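Colleague: Here's my sequence, what's the structure:
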Amino acid sequence: MKNKCLAIIPARGGSKGIPGKNIKDFAGKPLIAWTIEQAKASKLISDIYVTSDSTEILEVASQLGVKVIMRPDEISGDKASSESALVHVLDQVQGDWDLIVFLQVTSPLRKEDDIDKAITQLLEEQADSLLSLTSAQEFIWHVNEGVFAPFTFDFHNRRGHQDLEPIYYENGSIYVFKPEILRKENNRLGGKVAVYVMESWQRADIDNYDDFEWCQWLYQKYLGNA
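Modeller: From the prediction side, this is the model:
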């Protein structure tokens, strides 16, 4: 494996839904610790940086053995994109990186080999970027020209869940992409896009206290003994 992979973990200090969310105790450790440890367990990641506007978060990350970068105030507000933080890290870090692995702290339901499997899949498919998804088979409706209508099924010919066409959720857990995609598109996705499908229970994006408790329960159920 000759490709150099840089993992970037953005973690803002401000959170309206859950104050101090990124370092709040989650299954016995600060939430950010799980993502850092998963990145450190990767056999393919060469280096790891946490970027944050919070000195407290950066101190926790440093104690966990990764490098840190202070995120400037102008790209740290609620409306600041993750891409702006990723580009800032690239501008600060020395090195010729082949791939960037973007990991969100708020989507920690990763199995031990998920990150390396995602990187390997991108390489095998010769893709430029990759995102993780989870699948589901559900009775979903949408609004079509102002009228509610079934989206994943025909209510005139209702079938069981197992017979529905699967739909896919972007779970925010793993993104892998070439640096030039980020710089050219100002986006984590671009060029040939590959997809890494994770299990249905790995759909998680912690935004409020209900999300936090439910995600913590899932972590302890499926990964507690990992």
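Colleague: Select the longest strand from the protein.
Modeller: Taking DSSP state E as the criterion, the chain has its longest strand at strand 167-177.
Colleague: For the spatially most central residue of the chain, which non-adjacent residue is closest in space?
Modeller: Closest residue to the average C-alpha location of the chain: Ser173 at 2.7 Å, with Cα atoms, centre = their mean. Distances taken as Cβ to Cβ, 6 or more residues apart in numbering put Ser107 closest to Ser173, at 4.2 Å, once the chain neighbours are dropped. In short, each C-beta sits where N, CA and C put it, glycine included.
Colleague: that older thread, for the longest strand of the chain, which strands pair with it and how are they oriented?
Modeller: strand 99-103 (antiparallel), strand 129-136 (antiparallel) (DSSP bridges).
Colleague: Return the set of buried residues in that strand.
Modeller: Tyr169, Asn171, Gly172, Ser173, Ile174, Tyr175, Val176, Phe177 (16 or more other Cβ atoms under 10 Å).
Colleague: Between all of those, which two are separated the most?
Modeller: With Cβ to Cβ as the measure, no two of those lie farther apart than Tyr169 and Phe177, at 19.5 Å.
Colleague: Report the residue spans of the chain with pLDDT below the cut-off.
Modeller: 1-3, 225-226 (pLDDT under 70).
Colleague: can you give me the strands for it?
Modeller: 5-10, 25-26, 29-30, 45-52, 67-70, 99-103, 129-136, 141-144, 147-150, 167-177, 193-198.
Colleague: From the opening residue of stretch 147-164 to its closing one, how far?
Modeller: Stretch 147-164 has its terminal residues 22 Å apart, counting by Cα to Cα, to the nearest Å.
Colleague: Give me the helices and strands touching the longest helix along the chain, please.
Modeller: Assignment by DSSP state H gives helix 209-223 as the longest helix of the chain. Judged by 3 or more Cβ pairs under 8 Å, 6 or more residues apart in numbering; DSSP states H and E, the packing partners of helix 209-223 are strand 25-26.
Colleague: strand partners of the strand it packs on, parallel vs antiparallel please.
Modeller: Partners of strand 25-26 in its sheet, by DSSP bridges: strand 29-30 (antiparallel).
Colleague: and the strand it pairs with, how far out from the chain's middle?
Modeller: Taking Cα atoms, centre = their mean, to the nearest Å, the mean C-alpha location of strand 29-30 is offset from the chain mean by 18 Å.
Colleague: how close does the residue located most distally from the centre of the chain sit to Leu130?
Modeller: In the chain, the residue that sits farthest from the middle, by Cα atoms, centre = their mean, is His156; the gap is 38.1 Å. Using Cβ to Cβ, to the nearest Å, we find His156 at a distance of 38 Å from Leu130.
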